[in-house]
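K.L.:
Quick one, fold the following:
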Amino acid sequence: MLKSYMKENDVVKDSISEVVNELVDSKIEKKKIVILISAFSKFEGASRVAEHQASELSERKNLVEIFTFGSDIISKDFKVNIINPFISLKNPFLEKVYRGTFPINLIKHYYLIKQLKHFDVIILHHATFVTLAYLCRKIYGIKVIVYNHHVAGEVPIFSFTPTGISELVYGKFIWSIYWKIIRYFDIVISVSKYSRSKLKEKKGVDSFVIYNKIDNSRFRKGLDENRIRSLYNINNEPLILYVGRIIPSKGVHLLITSFKNVKTKITNAKLIIVGKHYDKDYSKKLMKLSDESVFFAEQVSDENLPFYYAACDVYATCSLQEGFNLTIVEAQACGKPIVAFDIGPHKEVLVQGYLISEFDLKAFSEKMLEILTQKREIHNNTYNLNSDESGDKY
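P.N.:
Below you'll find the model as predicted:
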């Protein structure tokens, strides 16, 4: 079905609205669209993409609803529906098991299918809902758009933790179902040419590309740099920033190690790590690795997030796996230089910054040092010039 839409000379699409309009009968002016995503969180890349999609589609007078297991995003433009279990599960382990086995939860599927039968389009972001989307398409003929953020599904090293068990279930069971079923859907969208090539290479599935977008009215140059510095009592000290999920594949431990190398030369440097913690054991290791110059900020409002970018001197990420990397685009929009590993789509995404060979922490540290040193020299020269002009003699 996908092949009937695919033209090699028209791989990159402008927006999700363009795809929806091509897919659904043009006579339907107000289209009903549902977005399926496991977690709808402001610190999760796919969620922010989904939020932008929901806003864009709503602005075009469509009816949009989100179905998810949990959300910290509130909007007046679209409705967010939380999929709760029949019995309240307060234990994190049981919650992960519930979500991990959701594709075979036929009773829950029965109730959800009835809720979704009047929609025109399903946009599927996470593999958890692949069987739900398939049944809705099979029974009611609802069009399905699959969003490929990155090719995942390799079986991880097993650990006896909620996270480890959940990942094992995903790796061995859910992803294998997902790759078989998405071939029956209408359109697959990849978030970068890199993600598209990997999907085609590993799974034989072709896709269009829609690059993730940001809100340029929020993420821009000229924002107040002192708003966040004052909050953390950071004056003119060099500041490095990371924004994203706190999980091993994001390489936060590598970033902290690299930052400690920077501190051997610039002793008053600071690092702020913004993001939600998903793995308690990993987070404990990060805390032990850190000192008082590393700040963890888990609860950051949408309003304040752009000001974190504005406050930093360099944005750094040691992420080891990405399909796009939205935070790099946000940091660049705020005029900040980037230091990142040369992985996946970063060559497509990076405009102002430096790509370092994966795991080369020496080169990574040296590049951050270079940027921070240049910033400090510019700051000192500006200070001296201002002092001379004002007549101060010290």
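K.L.:
Report the contact partners of the residue nearest to residue 361 when sequence neighbours are not counted.
P.N.:
Computed as C-beta to C-beta, 6 or more residues apart in numbering, the closest residue to residue 361 that is not its neighbour in sequence is residue 258, at 4.8 Å. C-beta coordinates here come from the backbone N, C-alpha and C atoms, glycine included. Residue 258 is in contact with 316, 318, 361, 364, 365, 368, counting by C-beta atoms under 8 Å, 6 or more residues apart in numbering.
K.L.:
for residue 68, same thing?
P.N.:
Counting by C-beta under 8 Å, 6+ apart, residue 68 has contacts 36, 37, 38, 39, 40, 80, 81, 82, 83.
K.L.:
which one among those gets closest to residue 183?
P.N.:
Closest approach between the contacts of residue 68 and residue 183, by C-beta to C-beta: residue 36, at 17.9 Å.
K.L.:
Quickly note the distance from the closest one to residue 135.
P.N.:
Per C-beta to C-beta, to the nearest Å, residue 36 is found 12 Å from residue 135.
K.L.:
of those two, who's got more company?
P.N.:
residue 36 (25 against 17; other C-beta atoms under 10 Å).
K.L.:
from what I can see the more buried one touches residue 134, true?
P.N.:
No - here residue 36 does not reach residue 134: they are 11.4 Å apart, not a contact under C-beta atoms under 8 Å.
K.L.:
how about low-confidence regions in the stretch 1-150 of the chain?
P.N.:
1-10, 89 (pLDDT under 70).
K.L.:
mind redoing it with 80?
P.N.:
Low-confidence segments of the stretch 1-150 of the chain, defined by pLDDT under 80: 1-10, 26, 43, 86-97, 100.
K.L.:
Kindly report the domain assignment for the chain.
P.N.:
For the chain, the structural domains run 2-209, 226-379, going by automatic domain parsing.
K.L.:
so who does residue 31 touch?
P.N.:
20, 24, 57, 62, 63, 120, 121.
K.L.:
got those as a markdown table, with neighbour count columns?
P.N.:
Converted to a markdown table, the contacts of residue 31 look like this (neighbours: other C-beta atoms under 10 Å):
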| residue | neighbour count |
| --- | --- |
| 20 | 22 |
| 24 | 17 |
| 57 | 23 |
| 62 | 22 |
| 63 | 16 |
| 120 | 19 |
| 121 | 24 |
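K.L.:
Please flag which of those sit within helices.
P.N.:
20, 57 (DSSP state H).
K.L.:
just the contacts of residue 31 now: which is nearest residue 217?
P.N.:
Closest to residue 217, out of all of the contacts of residue 31 and judged by C-beta to C-beta, is residue 57, at 18.3 Å.
K.L.:
That closest one contacts residue 33, doesn't it?
P.N.:
Yes - in terms of C-beta under 8 Å, residue 57 counts as a neighbour of residue 33; the distance is 5.6 Å.
K.L.:
what do those two both touch?
P.N.:
20, 64.
K.L.:
Would you confirm that residue 98 belongs to a helix?
P.N.:
Yes - using DSSP: H, G, I helix; E, B strand; the rest coil, the assignment for residue 98 is a helix.
K.L.:
Just give the nearest non-adjacent residue to it, would you?
P.N.:
Looking at residue 98 with C-beta to C-beta, 6+ apart, the closest residue is residue 85, at 5.4 Å.
K.L.:
now do residue 52
P.N.:
According to C-beta to C-beta, 6+ apart, the nearest residue to residue 52 is residue 213 (5.7 Å).
K.L.:
Correct me if wrong: that neighbour contacts residue 53.
P.N.:
No - here residue 213 does not reach residue 53: they are 9.1 Å apart, not a contact under C-beta under 8 Å.
K.L.:
More neighbours: which of those two?
P.N.:
residue 53 (27 against 16).
K.L.:
what about the more buried one, which helix or strand?
P.N.:
helix 45-59 (DSSP states H and E).
K.L.:
For that helix, list the C-alpha coordinates in CSV.
P.N.:
Provided in CSV are the C-alpha atoms of helix 45-59 (Å, rounded to 0.1, in the frame of the first residue of the first chain):
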residue,chain,number,x,y,z
GLY,A,45,11.4,13.5,21.7
ALA,A,46,8.6,11.6,20.0
SER,A,47,6.1,13.2,22.3
ARG,A,48,7.2,16.7,21.3
VAL,A,49,6.9,15.7,17.7
ALA,A,50,3.4,14.4,18.4
GLU,A,51,2.5,17.6,20.2
HIS,A,52,3.6,19.7,17.3
GLN,A,53,1.6,17.5,14.9
ALA,A,54,-1.5,17.8,17.1
SER,A,55,-1.2,21.6,17.2
GLU,A,56,-0.6,21.9,13.5
LEU,A,57,-3.5,19.6,12.6
SER,A,58,-5.8,21.4,15.0
GLU,A,59,-4.9,24.8,13.6
